[in-house]
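> below is the sequence, then the predicted model.
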Amino acid sequence: MASAQVTGTTAQRPHAGGGAGSRGRARDWAEIQERMLVPLYQAVYRRLEVGPATSLLGLGCRSGLALLLAADRGAQVAGLEPEAELRELAEGRRLRVAGVGGVDRSGYPVPRSAYSLVTVFEELAYVADPAVLVLEAAALTLQGGHVVLAGWGPPERCESAPVLEVARRRSARTPVRDPFALSAPGALEELCAGAGLRPAGSGRVSCPFAYPDLDSAVRGMLSTGLYEGAIEEWGAALVTKELEEALHPFVQADASVRMANVFRYVVAEQPR
């Protein structure tokens with residue numbers, strides 16, 4: 001089915017290998033970082049009135065919180081996620097999530113081949129060619145259905161920008177894709193147009209990154225996967241030290257850490 005092509009694209013996410021380190025960071029994503037994007041997920045679902053009539057596919061769904069929130073609204077949900085550790089956590093939430101080959105751990109395929117809504121909330125920051133991913137998202141969308149693309153807003157509106165820069169600065173041998181590469185006006189819309197999708201709206205959502213302490217902030221940022229190349233080249237201790245330095249300006253009086261960020265999304269329609 002078509003989803004096998006999509007998993008081929010999402011599998012290009014760098015440093016998706018297993019091991020104790022990646023497993024720990026997958027759990028940190030699920031327990032610390034994923035909730036930072038809940039305002040984005042909810043804004044999209046409200047705008048598109050996601051509910052029992054919605055069949056939703058999340059591309060690069062990670063540990064599945066966005067799918068879970070859609071399911072709570074009555075939607076039929078499925079996901080595609082190349083990293084086994086994240087996929088296992090999503091399955092622990094009783095979600096149907098497939099990996100490479102388009103099947104879940106039980107061996108059953110994702111139950112639908114086309115959906116009324118396909119979301120790409122995080123994956124654009126990781127794939128080698130976002131245009132290919134959007135083409136495949138469009139191919140999995142029913143006529144009259146919608147594709148949602150999301151990403152970071154302008155770097156000047158995102159206090160996490162200097163923290164993310166640590167990953168780029170320390171990943172010389174394995175260059176990290178600029179998280180803000182698609183934050184320029186019209187960039188997401190251009191991807192939609194290239195896939196034959198029709199613009200149907202856009203929005204900006206405040207997604208503050210808030211942590212109880214510096215250790216949680218470091219673990220949360222590392223769980224994004226953007227720092228894996230830096231860790232391979234320089235070691236976890238050095239990368240952690242530089243992250244702590246970059247996060248220091250955002251430590252509050254009560255020792256919590258807070259960074260104001262803006263994320264942007266676009267909605268596009270699959271023409272009938």
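Sure thing, it's come through. Numbering: from 1, shown residues only.

> chain center to stretch 159-175: distance?
On the basis of CA atoms, centre = their mean, to the nearest Å, stretch 159-175 is displaced by 17 Å from the centre of the chain it belongs to.

> export it as PDB, just CAs?
Coordinates of each C-alpha in stretch 159-175 appear next as PDB, following Å, rounded to 0.1, in the frame of the first residue of the first chain:
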ATOM      1  CA  GLU A 159      13.700  31.700  22.200                       C
ATOM      2  CA  SER A 160      14.800  28.100  21.600                       C
ATOM      3  CA  ALA A 161      16.700  29.200  18.500                       C
ATOM      4  CA  PRO A 162      20.100  29.600  20.300                       C
ATOM      5  CA  VAL A 163      19.600  26.200  22.000                       C
ATOM      6  CA  LEU A 164      18.900  24.500  18.700                       C
ATOM      7  CA  GLU A 165      22.000  26.100  17.300                       C
ATOM      8  CA  VAL A 166      24.200  23.900  19.500                       C
ATOM      9  CA  ALA A 167      23.100  21.000  17.400                       C
ATOM     10  CA  ARG A 168      24.200  22.700  14.100                       C
ATOM     11  CA  ARG A 169      27.500  24.000  15.600                       C
ATOM     12  CA  ARG A 170      28.500  20.600  16.900                       C
ATOM     13  CA  SER A 171      27.500  18.400  13.900                       C
ATOM     14  CA  ALA A 172      30.100  19.100  11.300                       C
ATOM     15  CA  ARG A 173      30.500  15.600  10.000                       C
ATOM     16  CA  THR A 174      26.700  14.900   9.900                       C
ATOM     17  CA  PRO A 175      25.200  18.300   9.100                       C
END
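
> scan this structure for its longest helix.
Identified as the longest helix of the chain according to DSSP state H is helix 236-247.

> tell me the mean pLDDT over that helix?
What helix 236-247 shows for mean pLDDT is 96.

> buried residues in it?
Along helix 236-247, these residues count as buried under the neighbour rule (16 or more other CB atoms under 10 Å): 239-240, 242-243, 246-247. Glycine gets a C-beta too; all of them are placed from N, C-alpha and C.
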